[in-house]
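> I'd like to go over a predicted model; first the sequence, then the structure.
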Amino acid sequence: MNERQILRPALPGSPEKKQESRDAQKVLRLLAGMLKPLGFERTKPTFFTRPGEYVIEFIHVHKYTFAASFRVHFGVRVRSDNHPAAGLNGPSSDGIPDPESPGRRLYDFDFTAEEVSWKRCANLMLECITKDGLSWFSCMTNPTTLLSSGSPLTKDARIALQREMESRNCVQASEATQRALNAA
């Protein structure tokens with residue numbers, strides 16, 4: 001008889017949860033190495049950033065608390081933006097549907113305590129980033145798009161971008177941007 005094994009989430013503070021956290025960091029280190037050739041740098045434990053002409057492009061990798069699994073978010077931020085949080089203003093891996101299974105998401109970034117699973121997870125995240133994230137980022141290189149009312153930027157961020165474009169000086173990252181992304 002084939003019974004399906006039910007996996008229960010590791011309890012906070014348990015040795016299993018601590019191991020899951022260490023394994024998650026191993027996946028993120030692998031991903032950091034894979035993203036370097038694309039120009040992304042790991043600037044915070046769960047943020048990878050790349051400077052663009054008008055915005056800082058970023059990838060945020062969220063580790064679920066209830067499972068050994070991740071979600072990937074994409075976003076852009078104006079350097080001089082003063083909003084205190086990063087602002088996950090782009091698509092997320094959870095919102096990318098599986099074309100072969102309607103109603104299901106395409107990506108599941110699960111991992112186990114085995115090295116092969118860390119590599120599989122990091123490779124799958126890289127696939128999501130290269131197939132879905134980079135195409136979205138390429139749409140965010142046009143200043144007209146960024147300044148439009150349909151832009152993913154907030155009104156304040158659009159105003160900040162407009163000021164940056166008008167000043168033509170070397171724009172410094174705001175303290176808020178440095179805190180949110182650890183990027184200049």
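Perfect, thanks for sending it.
> hey, let's count contacts and neighbours off CA atoms from now on
OK.
> the strands in the chain, which residues?
41-44, 47-51, 56-63, 69-77, 109-110 (DSSP state E).
> Would you tell me which of the ones you listed gets closest to Leu147?
Distances from Leu147 to each of the strands of the chain were compared using CA to CA; the shortest belongs to strand 69-77, at 12.4 Å.
> ok now that closest one, how far from the chain's centre?
For strand 69-77, the separation from the chain centroid amounts to 3 Å (computed by CA atoms, centre = their mean, to the nearest Å).
> Can you give me the buried ones in it?
Within strand 69-77, the residues scored as buried using 16 or more other CA atoms under 10 Å are Ser69, Phe70, Arg71, Val72, His73, Phe74, Gly75, Val76, Arg77.
> For the closest residue in space to the second one that isn't next to it in sequence, the count of nearby residues, please.
Here the nearest residue to Phe70 in space, its sequence neighbours aside, is Lys63; by CA to CA, 6 or more residues apart in numbering that works out to 4.5 Å. Counted with other CA atoms under 10 Å, the neighbours of Lys63 add up to 18.
> check contacts around Lys63.
The contact partners of Lys63, by CA atoms under 8 Å, 6 or more residues apart in numbering, come to Ala24, Ser69, Phe70, Arg71.
> same thing but at 7 Å, please
Lys63 makes contact with Ser69, Phe70, Arg71 under the criterion CA atoms under 7 Å, 6 or more residues apart in numbering.
> And Phe40, by the same measure?
Phe48, Thr49, Arg50.
> Which one of these is nearest to Gln178?
Nearest to Gln178, judged by CA to CA, of the contacts of Phe40 is Thr49 at 11.5 Å.
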